[in-house]
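Peer 1: my questions concern the predicted model and sequence given below.
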Amino acid sequence: MAATDAGLRSEPGTSMLGHAMAWWVWILAVTFVVYLFSFQTGYSIVNPSVQKDTGISIAQVGTIAAVYTWAFAIAQFFGGALLDRLGARKVLPISIALVTIGIFMFANANSYGMLLLSQIVIAIGSCTGFVGAGYIGGQWFGMAKFSFMFGLVQVVAALTSAFSVNLIGVALDAMTWRSLFNWTAAFGIVLFVLGLLYIRNPTPVVSHPGEGNFFASVLRSMAEVAKIGHVWIASLGGALSFGAMLALGVVWAPKLLMVHGISERAAALGSSLLWLGLAAGSAVVPLWSDMIRRRKRPIILGAAVQLLALLGLLFIPDLGAGLAMILCFVFGFANAAHMLAFSTAADVVLPRQIGTSAAIVNGIMFIFGGILISRPGVRIGMGIEHGIQPASLQLAQYASVPVIVACVLALILAMIMRETYPAHH
């Protein structure tokens, strides 16, 4: 393929594959993802302190997390196209700067409105983070390793999320949440400088002839991809599955475990095990998919096991801490099958549309993530109004109905989707 091809499948020269610079650029891109995930999962730990210091309600706590995912989803649709057309050098450093500014705003916010605005700024910057790391992997290591490198991004990000939950808990014993996130923003400044110096494509990105207006070309590319029915099935299935993971991992898992009588510290550990399971699964599931040359079978199995683990967390009576930890890990491990939504969507589009397809999949994932993060908080209020005891397992079960429905629908979509694994791989 020509070196001027701006699509994700454009290959770096053979001499660049696996080169030290390839790994350094990839590490910087993945560090940006880690930065995002650590902030996002950290919110599940600091939101009680944020709620207390700013005087917001529990419903507003969920809404703040949801606004991030919705703003991210909207911006995300353009993130892949930005990378395809402008390249990593012009996009990722600006993204890092926006996230850093947003985290600084969050750390110093004194009102609900400022908290919401900080989430929007962070979301806009974040829209090229995860997809950008996948893009870097495809550019610097070649598309033959795209699925593996994308899975590796999720491994590193989820591992960091798992440990950051506990590290944030330790850090909060020594400093306030405001100090913690001000220091986090300071790290972002360092990352921005490194990104500005080193992040780039292995070959210059040249626009396709006849692309015309950027915004119009993005819409045309999105429209072409949106005409492919399988992209919607893959996106919706992955969105419902990952949305359930976001709902538990970002806000609700610690609260669910605590109504089982599990201590606050153990509940935080359970939340981290969701991400640890996702990390382990992301190292295994994409590799297994390539080994058996199938997308559909791993997605079905992942959706089924995730649903069973969720039902166990909600309905097993007298759930002890040990079994709760195991179920959290299993839920996260099975959830790794959502990564194959990117792969199966990429299987059915043109090479120059890979970035756009990845952005559409990720955008739809976060739209549903926002819905599933916010709905349990709304249903908690509804349940209390209907006489359900506050902070009870019955209330948790009532609040979790949208997450259960999402997991069931993800399994149904997995069962009806077609197999797309390319014959030439």
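Peer 2: Here it is on my side, so go on.

Peer 1: OK, contacts around Val99?
Peer 2: Phe32, Tyr35, Leu36, Phe39, Val121, Ile122, Gly125, Ser126, Gly129, Gly188 (Cβ atoms under 8 Å, 6 or more residues apart in numbering). From N, CA and C alone the C-beta is placed, and that goes for glycine too.

Peer 1: CA atoms only: put stretch 335-343 into PDB for me.
Peer 2: Provided in PDB are the C-alpha atoms of stretch 335-343 (Å, rounded to 0.1, in the frame of the first residue of the first chain):
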ATOM      1  CA  ASN A 335     -16.100  -8.400  29.200                       C
ATOM      2  CA  ALA A 336     -12.800  -8.400  27.200                       C
ATOM      3  CA  ALA A 337     -14.800  -9.900  24.400                       C
ATOM      4  CA  HIS A 338     -16.200  -6.400  23.700                       C
ATOM      5  CA  MET A 339     -12.700  -5.700  22.200                       C
ATOM      6  CA  LEU A 340     -13.600  -7.900  19.300                       C
ATOM      7  CA  ALA A 341     -16.300  -5.400  18.300                       C
ATOM      8  CA  PHE A 342     -13.400  -3.300  16.900                       C
ATOM      9  CA  SER A 343     -12.000  -6.200  15.000                       C
END
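
Peer 1: format the contacts of Val99 as TSV; extra columns: distance to Ala97, pLDDT and secondary structure.
Peer 2: TSV is the format used below for the contacts of Val99 (distance: Cβ to Cβ, whole Å; pLDDT from 0 to 100; DSSP: H, G, I helix; E, B strand; the rest coil):
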residue	distance to Ala97	pLDDT	secondary structure
Phe32	11	96	helix
Tyr35	12	91	helix
Leu36	13	87	helix
Phe39	15	86	helix
Val121	10	96	helix
Ile122	11	95	helix
Gly125	7	95	helix
Ser126	12	91	helix
Gly129	13	91	helix
Gly188	8	97	helix
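
Peer 1: quick check: the farthest pair among those residues?
Peer 2: Between any two of these, the greatest separation by Cβ to Cβ is 15.4 Å, found for Phe32 and Val121.

Peer 1: where does the stretch 301-425 of the chain have low pLDDT?
Peer 2: Along the stretch 301-425 of the chain, segments meeting pLDDT under 70 span 424-425.

Peer 1: can you check the stretch 151-300 of the chain too?
Peer 2: Low-confidence segments of the stretch 151-300 of the chain, defined by pLDDT under 70: 161, 165, 206-212.

Peer 1: which residues of it fall in helices?
Peer 2: 177-198, 214-226, 229-246, 253-259, 264-292, 296-315 (DSSP state H, counting those that start in this stretch).

Peer 1: identify the residues contacting the shortest one?
Peer 2: Contacting residues not belonging to helix 253-259 are listed as 44-45, 248, 264, 266-268, 270-271, 274, 313-314, 324, 328, 391-393, 395-396, 400 [Cβ under 8 Å, 6+ apart].

Peer 1: still on that earlier bit, so can I have a markdown table of the contacts of Val99 showing neighbour count and distance to Val218?
Peer 2: Output for these, formatted as a markdown table (neighbours: other Cβ atoms under 10 Å; distance: Cβ to Cβ, whole Å):
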| residue | neighbour count | distance to Val218 |
| --- | --- | --- |
| Phe32 | 30 | 22 |
| Tyr35 | 22 | 26 |
| Leu36 | 25 | 23 |
| Phe39 | 24 | 27 |
| Val121 | 20 | 21 |
| Ile122 | 24 | 22 |
| Gly125 | 25 | 18 |
| Ser126 | 32 | 18 |
| Gly129 | 27 | 18 |
| Gly188 | 24 | 27 |
